[in-house]
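In: below are the sequence and a predicted model; questions follow.
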Amino acid sequence: VTGPDLPPQIRQRTVAKAHTLIEALPFMREHRGKVIVIKYGGAAMDSAPLARPFAEDIALLVHAGISPVIVHGGGPQVTRVSQQLGIETTFVDGLRVTDAQTLDVATMVLAGTLNTAIVASLVTHDVSAVGLSGVDGGLLMARRQSAPDLGFVGEVVHVRGDILRTLADRGFVPVVASIAMDEFGQAYNVNADVVASELAAALGAEKLVYINDVPGLMGTGGELISELSSAQCLDLLAQPGVVEGGMIPKLESAVAALKAGIARVHLVDGRVEHALVLELFTPEGVGTMITPDADEELAP
Ligand SMILES: Nc1ncnc2c1ncn2[C@@H]1O[C@H](COP(=O)(O)OP(=O)(O)OP(=O)(O)O)[C@@H](O)[C@H]1O
Ligand SMILES: [Mg+2]
């Protein structure tokens, strides 16, 4: 058909590439002009070779007219530095018990080292990333979480979405570290999944994507669940031994985001190169998709 001098196998390969691009077109149309909140998990970030494909994916999103807002975790990294300093780490239902020392470590690691590394990697790939924590501009106002009391673990009471919208409207990509503050200036550690969900709700995001280090949500028999509803998430959370550790706040915040009107929450495997682009621009989803309950979907 084309290029009569090309050997047939090359012709096939080239045409297949074009098909892939054309196949992405309806997805690009769908997401253009929308905000997508992406939670970059600490476990996925631990794999250095994946920082590059992640940055490339974000660059592609930006060029496709999407406004990505990134929230990052850093659980394993906070635990490592705590260990180096001789500070003990305890989790309750996937949330880090945060005494004053642990709060210092979390602030140093999340708002310092990790935030800087992610922003640097994105800027290297021509993404105008801007790093901020929930303290900047009062982005994330929180109060001490009371039940259970985990020390300086905060629950979000207010989000200043205008800060992120202003950045996004000017073509900047906000990269948020999950440290919040209260009205007295006290800092709090907030689970990054919760922050991502709160930001998605405040921005009216189209989607919330959690990038993790597992294939997705695993069910009772350890099988990958490729799609489930909000109500089914709550059922799984109620069953003992199925959803554990960091997956507890992740599912709870997914349910909260859907309730707030986010149409889709995705859990994707950050160990798969270009997982984000595959999830957003191809028909084959790579992980778990969580959908609203029928009555939520009807809500305005
Ligand atoms: N049913 C389940 N399906 C999948 N993962 C599960 C399940 N139950 C528990 N997990 C664990 O939850 C972990 C994900 O939560 P975790 O908080 O560790 O990662 P993250 O949120 O990506 O990182 P960070 O908290 O640093 O941002 C998985 O690595 C897995 O070990
Ligand atoms: Mg987590």
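Out: Thanks, I have it. Ligands and ions are numbered 1, 2, ... in the order given.

In: use CA for all of it now, contacts and neighbours both
Out: Noted.

In: and the longest helix seen in the chain, what's buried?
Out: In the chain, with assignment by DSSP state H, the single longest helix is helix 8-31. Within helix 8-31, the residues scored as buried using 16 or more other C-alpha atoms under 10 Å are 24, 27-28, 31.

In: now render these as TSV, adding distance to ligand 1 and pLDDT.
Out: Listed next are the buried residues of helix 8-31 as TSV, based on distance: C-alpha to the nearest ligand atom, whole Å; pLDDT from 0 to 100:
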residue	distance to ligand 1	pLDDT
A24	27	95
F27	25	95
M28	26	96
H31	24	97
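
In: quick one on the thing from earlier: work out the gap between the longest helix of the chain and the centre of the chain.
Out: In terms of C-alpha atoms, centre = their mean, to the nearest Å, the centre of helix 8-31 is found 27 Å from the chain centre.

In: check which helices and strands that helix sits against.
Out: helix 275-281 (3 or more C-alpha pairs under 8 Å, 6 or more residues apart in numbering; DSSP states H and E).

In: convert the C-alpha atoms of the helix it packs on to CSV, please.
Out: Extracted as CSV, the C-alpha positions of helix 275-281 are listed here (Å, rounded to 0.1, in the frame of the first residue of the first chain):
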residue,chain,number,x,y,z
ALA,A,275,1.0,2.2,33.1
LEU,A,276,-0.6,5.6,33.1
VAL,A,277,-0.6,6.1,29.4
LEU,A,278,-1.9,2.5,28.9
GLU,A,279,-4.7,3.2,31.3
LEU,A,280,-5.7,6.5,29.9
PHE,A,281,-5.2,6.2,26.2
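
In: contact partners of that helix?
Out: For helix 275-281, the surrounding residues in contact (C-alpha atoms under 8 Å, 6 or more residues apart in numbering) are 23-25, 27-28, 54, 57, 60-61, 268-269, 284-286.

In: for E244, give me its contacts.
Out: E244 neighbours (C-alpha under 8 Å, 6+ apart): 93-94.

In: three-state assignment of it?
Out: coil (DSSP: H, G, I helix; E, B strand; the rest coil).

In: now it: how far from T220?
Out: From E244 across to T220, the span is 12 Å (C-alpha to C-alpha, to the nearest Å).
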